[in-house]
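Colleague: fold the following.
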Amino acid sequence: MTTLILLDRLTDFTRDAVKDLLLPARQQENDAEAPAMRAAEVYKMRLPDSGSAKKKAPYIIHQVVTTNDLQPQGERIHATAKLRTVFCVYSPDEEEGSLMLLNLMERLRIALLKQVVIGHQFTLDTTAGLERLMYLDDTAPYYIGEMATEWILPPVQREVSPWEPNPRP
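Modeller: Below is the predicted model of the structure:
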């Protein structure tokens, strides 16, 4: 449940961070005219229809990759989630497309590093780093990159069971 809330909060945060960056979209076969420039759409886990990946650009997808709940003896529970964020933009100009991708990724990176806490409960783990990767493969006219982040989650509060003789706080 906590990771679902993280995805919701991060999606809202991302939409706000990139809303002013208008990017081109590819004209589709049924379009009478070229679509207007638009902000990247933000999705959770996957696109609604993976067959429409080219139609949806520009977009950002936040994906939970791993979660971890750890409690070393004598310490509180430490909960984390590793996320992968995928970015995709479209441009017929290869240099411009690469720069658009970099700009979109930088917008989110800078916004995250400025705020660090999302939804009053999820903290970007800056000690784990914020890694970015731009795919250098020839995918023109689409340009793709990703960002890896680790988040500190609020720990699950353990309930005290009636049979536990010496419950720990």
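
Colleague: after the helix or strand of the chain with the lowest mean pLDDT, which helix or strand is next?
Modeller: Lowest by mean pLDDT, DSSP states H and E among the helices and strands of the chain is helix 53-56, with a mean of 74. Helices and strands here follow DSSP states H and E; after helix 53-56, the next one along the chain is strand 59-70.

Colleague: quick one: average confidence on whichever helix or strand comes after that following strand?
Modeller: As assigned by DSSP H and E, the chain's next helix or strand after strand 59-70 is strand 78-90. The average pLDDT within strand 78-90 is 96.

Colleague: show me what the very next helix or strand once past strand 78-90 packs onto, helices and strands only.
Modeller: Next in sequence after strand 78-90, counting helices and strands by DSSP H and E, comes helix 94-115. In terms of contacts (3 or more C-beta pairs under 8 Å, 6 or more residues apart in numbering; DSSP states H and E), helix 94-115 is packed against helix 2-18, strand 78-90, strand 131-134, strand 142-153. The way it works is simple: take the backbone N, C-alpha and C, and place the C-beta from them, glycine included.

Colleague: would you mind giving those as a markdown table with distance to residue 97 added?
Modeller: Below are the helices and strands packed on helix 94-115 laid out as a markdown table (distance: least, C-beta to C-beta, whole Å):
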| stretch | distance to residue 97 |
| --- | --- |
| helix 2-18 | 16 |
| strand 78-90 | 6 |
| strand 131-134 | 11 |
| strand 142-153 | 4 |
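
Colleague: tabulate these (JSON lines), appending mean neighbour count.
Modeller: What follows is the helices and strands packed on helix 94-115, written out as JSON lines (neighbours: other C-beta atoms under 10 Å):
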{"stretch": "helix 2-18", "mean neighbour count": "17"}
{"stretch": "strand 78-90", "mean neighbour count": "20"}
{"stretch": "strand 131-134", "mean neighbour count": "14"}
{"stretch": "strand 142-153", "mean neighbour count": "20"}
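
Colleague: so which of the ones you listed is nearest residue 32?
Modeller: Checking those against residue 32 by C-beta to C-beta gives strand 78-90 as the closest, at 18.6 Å.

Colleague: ok so, going back, what about the helices and strands packed on helix 94-115, which gets the closest to residue 59?
Modeller: The nearest among those, by C-beta to C-beta, is strand 78-90 at 5.4 Å.

Colleague: got the CA coordinates for the closest one in CSV?
Modeller: Extracted in CSV, the C-alpha atoms of strand 78-90 (Å, rounded to 0.1, in the frame of the first residue of the first chain):
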residue,chain,number,x,y,z
HIS,A,78,13.9,0.6,7.8
ALA,A,79,11.8,0.5,4.6
THR,A,80,13.0,1.5,1.2
ALA,A,81,11.8,1.4,-2.4
LYS,A,82,13.9,1.6,-5.6
LEU,A,83,12.2,3.2,-8.5
ARG,A,84,13.0,3.4,-12.2
THR,A,85,11.7,6.4,-14.1
VAL,A,86,11.6,6.1,-17.9
PHE,A,87,11.5,9.2,-20.1
CYS,A,88,10.6,9.3,-23.8
VAL,A,89,10.4,12.2,-26.2
TYR,A,90,9.9,12.6,-29.9
